[in-house]
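Q: Build me a structure from this.
(chains A and B)
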Amino acid sequence: MIEPSKIFEVFQEKQALFTKSLNPGKKVYNERLVIQDGVEYRQWDPTKSKLGAAILRGASNVGIRKGDIVLYLGCSTGTTPSHVSDMIGEDGFLFGLDVAPRVLRNFVFLCEQRPNMTALFEDAAHPEQYAAKVCEVDVVYQDVAQRNQAEIFLKNCKAFLKDGGYGLLAVKARSVDITKKPAVIFREVREQIGKELIIVDERTLEPFEKDHCFFVCRKK
Amino acid sequence: MPKAIVKHLLGEFIVDQAGKIVKETLADAPLESQDPIPSPLLTALKAQKYRAILRDFNLDIVKQKIKASVCVDNFIGQAINSMADLERSANQVSRRLREWYALYNPEFTVSLQDNEKFAELVATRSKEALLADVKARGTMGADLKKEDLDPILDLAALLHSLFAQKNALHEYLERALSKHAPNLKAIAGTAIAAKLIEHTGSLKKLMLLPASTLQILGAEKALFRHLTTGARPPKFGYIMHHPFVAQAPREEKGRRARQLADKLAMAVKMDYFKGEFIADRLKKELEEKTHLPRSKKQAPAFPAGKHEAPSANAPSSKPTPMYQKRESIPAWVQQDRAPGTSSAPAPFRRTGSPSGEMRGFAPRKREERIDAGQKVPYPHRVFNRQFARQDGKPFPPRSKDERTEASPKAPFPGAYKRPAPFNRPQQGFRSSEREVQDGPRYRKPFDRAQQGFQRPAEREQDGPRYRKPIKRFEQEERPSYGRARRAPAPERSFSRGGSNREERPAFRSREREERGAEPRKNSFSRPVFNSQRKNSSPAQRFQKRQEPAEEREPRAYSRERKPPMKRWRK
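A: Next comes the predicted model:
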């Protein structure tokens, strides 16, 4: 029995997460589709999506609501963005951004199926280059495996996030510094983003992803 | 009131000082803009009415950009990967074809190793012609019907086309690279150049890499192992297959990889900025710097005149320190580059050598340097690594007679004395010869079964002749206080009537009974010793051993689990 979970717009049946499909009948990454009471749900694979993993690890609030505008940095082929797009619904909007043309090609196909998404072929490290292509957003989600992840995140939050908006950051410790312990890197990131944002939640994604940490922050 | 025009993807907006929109002109097509956008405008653009345009314009731009991002780097990457795929498939098909065709014509199959040639010949020529080529007397192959033979020949044709496709791809890569990266191609070779570009993604990204990174591209696993665990760092990645590195002696490989990577880095930069063709110069420098041997003949390590090996009692075979070697190189390198400019004799060059040797590296073994017919002073074997002595220690004795304690060369008495051979004939004799002469020099191990030895019958009746040592405290019977913090074992009196009354468990339990307290049950709180157990005395235990063991159900083992070792003594 699929029931609403404690996270807005996310549904749950025991340990399986679901979102209401915005584009019924279509699979995005070969996930399971479940129809219940005439509503189609798409199962959310936590091993493929860090946001899904963070929710299953017990994140209390991920800050995404219906009708939000999301700037998604590092959208790749659109596994997680498709679920975020489900969550924000038709009134919401999602800017998906990536630097790699190969994965963005798949993302464009996804965007064409969903009215609330668009793609940007840009480098997240240079927000000034795409400032004229977006609008202010309610949520910034970042999942880029870069050395200066936290810095990029702060730049984008500063440029586009509304006051009181949520910033979600998935930190991959192994791409920051392979020689340091993950816990040390997480602490450094926490200190760095804690200066400018309020950290609401922090989860390691242990069984689903190795050496990853998920931060939920709010802009002051 | 001052106003400003701000260009956005959607159109032009006239905003006032506070950033509010005064007037907007939406464009029909996405606008290029690098303007800083004031945040009130960004907020205003959240309105629902802009959504559809934002989406469509951005998608249009992305499609254009993705289209524009396709370039020759992508083709090179796909081509080199495709070549690897084809090669893998061709090898697999070759194996199958050989196996299959050998039923029909085994003589020809074993006579030709080259898969490409094999496929071509099988597909185009008849069995008789092929057999005639290998001059086989008769054949073990079966005579196949046409319907059975056809699939084999079809497979051969397919394999032949796989090889043809692979060769075509190689030619394509050569053409593409000589246009796109001529310098890189000339130094690295087609396959490695393509692999480097494929690995980094593009020529631009490759150009941005320092030589040290270029050197170990493709050895990421080893690199990260080095960074995380401190293991030895990799010396080379893809450039390992370059003949300059691959054909170097082992100890030279790392240095050559570094030198090659240096030149590659320069070449890539030239290629990216469409510079001139410098590969020839770089290659020449590479050859000179590393004194790459021009011929296959190895050169001596020592200058002329010092060709003899150092004698045993004056060992001067210390390896030349690296800095000295390096210092002496430039002199003849200079001379080599511009002959006639310098008259200084090249320190490493030797003219008039008996075999006409050229300069080059020190070969690893001395034997390799000895020419046929040349008289070589004793002992050339000392230069074998195995025999060499380090740092002034004496060489091993020349003859058997020297190998005595009295030898003045021995560093200490008994230095060269070998341990007596155990159960072996003496060295220097072949045991078979000795045995023919006067029987074996050693006794064969006594084999009871062979001698017809039988244990006396009465011995088996009265139990074993030995007693098992009594272990009072078996490992599993020790009280367990947890793993991490084990409490010190209580002082125990090993005899039953120990002097320490308090320590005697039997006494304590009697005391408890007198007090009317419940007897203790928890074995964790109180140690239970063997002495308190049933069948605890050696005699009792022996008794128990004699009883037949209880029948137990055989334990089911999972597949992965190995059954425990059988107890070898009961």
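Q: quick one: secondary structure of the closest residue in space to A:Arg65 that isn't next to it in sequence?
A: What sits nearest to A:Arg65 in space, not counting adjacent residues and going by C-beta to C-beta, 6 or more residues apart in numbering or on different chains, is A:Phe8, at 5.5 Å. C-beta coordinates here come from the backbone N, C-alpha and C atoms, glycine included. Put simply, A:Phe8 is coil when judged by DSSP: H, G, I helix; E, B strand; the rest coil.
Q: who in chain A is up against chain B?
A: Counting by C-beta under 8 Å from any C-beta of the partner chain, the positions of chain A adjacent to chain B are A:69, A:91, A:93, A:95, A:101, A:104-105, A:108, A:111-112, A:115-121, A:128-129, A:131-136, A:160, A:162, A:178-179.
Q: now stretch A:106-126: how far from the chain's centre is it?
A: 13 Å (C-alpha atoms, centre = their mean, to the nearest Å).
Q: buried sites along that stretch?
A: For stretch A:106-126, burial by neighbour count (16 or more other C-beta atoms under 10 Å in any protein chain shown) applies to A:106-108, A:110-111, A:114, A:116-125.
Q: quick one: low-confidence parts of chain B?
A: For chain B, the stretches with pLDDT under 70 are B:1, B:289-513, B:517-536, B:547-570.
Q: for it, which helix is longest?
A: Selection of the longest helix in chain B by residue count, based on DSSP state H, yields helix B:146-180.
Q: ok, B:Ile239 - contacts?
A: For B:Ile239, the contact set (C-beta atoms under 8 Å, 6 or more residues apart in numbering or on different chains) comprises B:188, B:192, B:214-215, B:217, B:245, B:257, B:260-261, B:264.
Q: Tell me which stretches of chain A form strands.
A: A:3-4, A:11-13, A:16-20, A:33-36, A:39-44, A:69-73, A:93-98, A:117-121, A:137-142, A:161-172, A:197-204, A:212-219 (DSSP state E).
Q: residues in contact with stretch A:7-22?
A: With C-beta under 8 Å, 6+ apart, stretch A:7-22 has contacts from A:1-5, A:33-34, A:39-44, A:46, A:52, A:55-56, A:59, A:61-62, A:64-66, A:83, A:85-90, A:114, A:116.
Q: can you give me the helices in the stretch 201-350 of chain B?
A: B:203-208, B:211-215, B:220-229, B:243-246, B:253-272, B:279-289, B:322-337 (DSSP state H, counting those that start in this stretch).
Q: What residues of the fourth one count as buried?
A: Right, the one you point to is helix B:243-246. B:244-245.
Q: For it, name the packing helices and strands.
A: helix B:253-272 (3 or more C-beta pairs under 8 Å, 6 or more residues apart in numbering or on different chains; DSSP states H and E).
Q: Does anything pack onto the helix it packs on? Which helices or strands?
A: Helix B:253-272 is packed against helix B:182-188, helix B:203-208, helix B:211-215, helix B:243-246, helix B:279-289, with contacts defined by 3+ C-beta pairs under 8 Å, 6+ apart.
Q: Enumerate the residues of the stretch 201-350 of chain B near chain A.
A: So far as C-beta under 8 Å from any C-beta goes, the stretch 201-350 of chain B lies against chain A at B:224, B:227-228.
Q: Go through those residues and single out the one with the most neighbours.
A: B:Phe224 (15 neighbours; other C-beta atoms under 10 Å in any protein chain shown).
Q: so that residue makes contact with A:Ile178?
A: Yes: between B:Phe224 and A:Ile178 a contact is recorded at 5.8 Å, counting by C-beta atoms under 8 Å.
Q: Next up, the contacts around A:Phe160.
A: A:71, A:127, A:131, A:134, A:136-137, A:140, B:42.
Q: Leaving out chain neighbours, which residue sits closest to A:Pro182?
A: Per C-beta to C-beta, 6+ apart, closest to A:Pro182 is A:Ala173, 3.7 Å.
Q: typo on my end, B:Asn91
A: Nearest to B:Asn91 is B:Asn115, by C-beta to C-beta, 6+ apart, at 7.2 Å.
Q: Kindly report the same for B:Val110.
A: Leaving aside its sequence neighbours, B:Val110 sits nearest to B:Ala102 (C-beta to C-beta, 6+ apart; 7.6 Å).
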